Structure formats: C-alpha cells, structure tokens
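# My questions are about this predicted structure, shown below with the sequence.
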Amino acid sequence: MKYFVIVGHKTVTTGDFKLDDISGGAGRLDILIRCVNSAFFLSHNIRKDTELFMLLLGGNDPPKTIRFCGEELRYLNPDERSTSSLVRNALMKKLNGDEVRSSPGIYVSRMSFADVMEMLSKKGKIIYLKEDGVDIKGMKMPEDPVFVISDNKDLTDEEEAILAGYGPEKISIGPHSLHGDHCIIIVHNEIDRNAQ
C-alpha cells in the first residue's frame, strides 16, 4: 500500500463553500483536489493500492481529515468540481469521535496531523517530500511508504517537530519546487518503474 498525507493549512472544514470558488472561498481546496486526482487516476482505472489522507486545518471547525481509500472508491471522477462535491458532502457529516463513511471509499474524522502520523507510522516508513532531501532516482522504496506533502505553505514548526519524531526519510524528486499533485505523479512513476 502507498499512503499520501497532504496538509491543507487554510482549507475549510465545513461544507458551506461554493463549488465555483474552491481556490478562494474554500481555502485552496483546489490544491488538495488535484492531489486526490493524481494519487488515484490511471488512464482507465483507479489505483487500488493507494490511500490519501487530506488534512484540513482552516475554517471554523478544524481539524478534519478526509481519507480516500483506493480499494473502495466509487463515484470519483477526474474533474475538480465533482471531487470537491464529494469533499463537501464528507464535511457535512456529523462526527461523534469515530471516523464516518461519507461515500464508498471516503471517510471523515477529527484526526489531527499528530493523530494521522501516529497511525500511519505503524503502517509504513514515513517519507517527507522536501527539496533538500536525497534524490529519489534509483532509490529502493520501503514497503508501504507514507509520503507527507504540504500545500502551498511549508509545514509549520509544530508539524515539522511532530514529523521529526518518527525519523522520516527526506526525499527530493528533483531540482525544483513542484506542486503537490505533480510530486505524487512522479512518486507513483518511480515506484511503478522500479516494480517492473
């Protein structure tokens, strides 16, 4: 299994945003939606061996985490509007402490960044995608890797400290800073090519 954690520092945590304004009024939800599409879509299929954790830390009701499970996903389409609608529906669910299923393969909870890291550290090796890391080319990926990516803002000092507690491996995917969704595609490609 491959796990991706994408942190949305300003992304709204309630479902009252307009689908026509996901880049502004929804706190750059567009960045996270593109990461969802990059994590799961193949040309004519969905990656079943992938889970993505979308951490939403902005708005009036943080934190919230939306988990996308490739093995179970249904109704996910490649356009940003329909994926945003699935996120909005998840954010409208009432939470009572446990993870709640919103639609097939999509779950919402109140897990914080620390909670997600604690849980995923038991599943696989934490890998922090960072410009000053070791080059990904030619690396042997650990089994069940957990890739951590931030949105258009760096992780906060507090988030970096939480992450550091798990001894993450820092990996760079190239000489330039790239968008999170592009990073995910490159990581998938490296893993796909090494699996052959």
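On my side now, so go ahead.
# Need the pLDDT of residue 196.
At residue 196, the pLDDT value in this model is 69.
# wait, I meant residue 131
88.
# same deal with residue 4?
98.
# and the residue nearest to it when sequence neighbours are not counted, what helix or strand is that in?
Spatial nearest neighbour of residue 4, chain neighbours left out: residue 52 (4.6 Å); criterion: C-beta to C-beta, 6 or more residues apart in numbering. Backbone N, C-alpha and C define where each C-beta goes, glycine included. Assigned by DSSP states H and E, residue 52 falls within strand 50-56.
# Between strand 50-56 and the helix or strand just after that strand, find me the angle.
Of the helices and strands lying after strand 50-56 in sequence (DSSP H and E), the nearest is strand 64-69. Put simply, strand 64-69 runs at 170 degrees to strand 50-56, going by axes from the mean of the first three to the mean of the last three C-alpha atoms, to 10 degrees.
# Which strands and helices lie in contact with strand 64-69?
Secondary structure elements in contact with strand 64-69, counted by 3 or more C-beta pairs under 8 Å, 6 or more residues apart in numbering; DSSP states H and E, are helix 29-40, strand 50-56, helix 80-91, strand 106-109.
# In TSV, list those along with mean pLDDT.
Formatted as TSV, the helices and strands packed on strand 64-69 follow (pLDDT from 0 to 100):
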stretch	mean pLDDT
helix 29-40	97
strand 50-56	98
helix 80-91	96
strand 106-109	98
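# In a markdown table, list these along with distance to residue 69.
A markdown table is the format used below for the helices and strands packed on strand 64-69 (distance: least, C-beta to C-beta, whole Å):
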| stretch | distance to residue 69 |
| --- | --- |
| helix 29-40 | 10 |
| strand 50-56 | 5 |
| helix 80-91 | 13 |
| strand 106-109 | 7 |
